[in-house]
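Peer 1: From the sequence below, what's the structure:
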Amino acid sequence: MAGVAPPFDACVLSRGGNGGAVGVVLGEIYRRGAVQKPAVLGSREAAQIQDTHGRILASACWGNYVALIEDAGCRLRFVFKDPCGTLPCYFTKHQGVQVVFSCVGDCQDVGLALSVNGDFVRARAVNGFLDFDIPSLVGVSSVHRGECVEFDRNAESASRAVYWHPASFEGAGELIVEPELAAQALRETVEDCVNSMAVSHSRVIAQISGGLDSSIVLGCLAEAPNKPDITCYTDYVRQSVCDERRWARYATQRKNLRHVEVAREPKSLRYQELPALAASMEPASYFPHYLRGPLNRSLAKEYGATAVFTGEGGDACLCSTSYVFAVNHALRRYGVGRRTLRTAAMVARRRDRTIWRVLAKAVGGEVFGVGTGGYRRQLATVCRLVSSDVRKALETESGASSSWLGARGPVTQESLLRLGTLAFPPTFYDLSTQPQVEAPVSMSPLCMQPVFEVCMRIPVDVHFDGGRVRGLARRAFADLLPEPILRRQWKDRPLSMVAGVLQHNLKFVRETLMEGYLMREKILDRRAVELALQNGPTSSAVLSGEVLSHLDLELWIRNFA
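Peer 2: Numbering: from 1, shown residues only. All right, here's what the predicted structure looks like:
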């Protein structure tokens, strides 16, 4: 992959003897059940992969990879995208040749003319960042997570098969309901993933917010067998009511780790002065790319690091955002009994509701189905600037924006909250620089397939151990975390940062949105946008986020104009 430091590389699949090469795995792949460097797959494994057309990879391996497999006897080729990794995979036809790729910039360099799909733009404006079936670029298709695409002898896409799905992976029905066993399984799985991902990196960067997720990853990283040199960093906004540095210090001082504190200034992010983001298949946000990319590269260069570890994915897999469904999960196993009532009481206390209101909602959800109402209400908060005509035109679509997401039923609020990053397209490259520039690879162990699977096998009420958000995780990693972080059950967020960036870029935002593609195509409501930007940025963090989301979409379209 362009611009990515080792160990992201190619592993050739060969049956040995006269069998010859049968394919290649691009990226980073590990065998299940052992801490190890990225796997070098032998002839026996290559034969199994070829014979199953890659299906065995979904259960026997994990990582961040794409496998290309050939069945010479049938003159078929298969492309399998791993279930949870961030390395994307796309394909298109160019001058009679089927091109499979991950980096859009590489395609532009060899002369492919790519154009934006208007149907995708409308869906993206209404539905936000979800992983769509609708191609974002004309003539280009995606291989979704856990999906295998078969190509026939004429290099045409013949069929698609879902080898792995978040609701029906191998062992999904084997629930872990005893808290002690669940805590043990969670601890061992996270440690194994961190240790495997760290083993090839002698020097690493760790993004530390002082929250539970990043502290868990740092705690495991500090105990990794290869003992990597760790540089932590925390960013903050000066004079903000939300300042994470105090909490981050608790996490780094436990092992006396190097800790860099980075001050952020909203006015320093000036859109008109920033280079365009590198071309990408999906609209990307300037905000995180220019907030993280240059800093990650600078720190990696200064300290010789080749990877950046994050706590991304923890909110979803550890059920921080979905604990409200703990009563539903208790009902499924225990009915309306003592355990369920106790769970309802804990959720009610946490949400400042009556126990009967919480219980009634859970019973209604189990009897009549959770439905997509919550999901739809959530979507309504991210498209308030979209014209009513565009919203109505898309209302007839089902709740699932992707057949992959909806392959085992409708996408509900609960499923989205537990899917986390899996509900969105993979993001791999640092788009704040060109693909040819080497950048440290981003590592998010809590998003990895083994962690996701073990967390999905643990019911939400077990995750809500002791009536605490991420209570099971607190139990599992108690000895690796400072006591203040274990007790803390809230997050500080620099809410002023988004509003500040919008304030200092208001003229640019107005001109870009009012005179851009989205307005010309009547996707945005002119009056609504004028009101939102009339007297500076709104105090609503949600509406400010929507403004920047439409701005990112508009700027992405310019990359292909």
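
Peer 1: Now the closest residue to residue 69 other than its chain neighbours: phi and psi?
Peer 2: Spatially, and ignoring its direct neighbours in sequence, residue 69 is nearest to residue 23 (3.9 Å; Cβ to Cβ, 6 or more residues apart in numbering). C-beta: built from backbone N, CA, C; applies to glycine. Per-residue torsions, residue 23: phi 160, psi -170 (degrees, to the nearest 10).

Peer 1: I'd guessed residue 23 sits against residue 67; true?
Peer 2: Yes: distance between residue 23 and residue 67: 6.4 Å, which falls inside the contact criterion (Cβ atoms under 8 Å).

Peer 1: Give me the common contacts of these two.
Peer 2: Residues touching both residue 23 and residue 67 by Cβ atoms under 8 Å, 6 or more residues apart in numbering: 13, 49.

Peer 1: between the two, who's got more neighbours?
Peer 2: Neighbour totals were compared for residue 23 and residue 67, and residue 67 leads with 25 against 22 (other Cβ atoms under 10 Å).

Peer 1: how close does the more buried one get to residue 78?
Peer 2: For residue 67, the distance to residue 78 equals 8 Å [Cβ to Cβ, to the nearest Å].

Peer 1: in the stretch 451-561 of the chain, which spans are helices?
Peer 2: Using DSSP state H, counting those that start in this stretch, the helices of the stretch 451-561 of the chain run over residues 460-463, 471-476, 483-487, 495-504, 506-514, 517-520, 526-532, 541-558.

Peer 1: Can you tell me which of those is packed in deepest?
Peer 2: Greatest average neighbour count among the helices of the stretch 451-561 of the chain goes to helix 460-463 (a mean of 26), per mean count of other Cβ atoms under 10 Å.

Peer 1: Could you check how far that helix is from the centre of its chain?
Peer 2: When distances are taken as Cα atoms, centre = their mean, to the nearest Å, helix 460-463 is centred 22 Å away from the chain's centroid.

Peer 1: Domain-wise, how is this protein divided?
Peer 2: The chain breaks down by automatic domain parsing into domains covering 9-162, 179-317+422-487, 495-558.

Peer 1: Check the offset of the first one from the chain's centre.
Peer 2: Averaged C-alpha coordinates place domain 9-162 at 18 Å from its chain's average position (Cα atoms, centre = their mean).

Peer 1: That domain: end-to-end distance?
Peer 2: In terms of Cα to Cα, to the nearest Å, the two terminal residues of domain 9-162 are separated by 25 Å.

Peer 1: Could you pull up phi and psi at residue 270?
Peer 2: Main-chain torsions, residue 270, degrees, to the nearest 10: phi -110, psi 110.

Peer 1: again, but for the one 10 residues further on
Peer 2: When quoted as degrees, to the nearest 10, the phi and psi of residue 280 stand at phi -140, psi 160.

Peer 1: That one touches residue 556, doesn't it?
Peer 2: Yes: contact criterion Cβ under 8 Å: residue 280 and residue 556 qualify, at 7.2 Å.

Peer 1: Where does pLDDT dip in the stretch 301-450 of the chain?
Peer 2: 369-382, 395-411 (pLDDT under 70).
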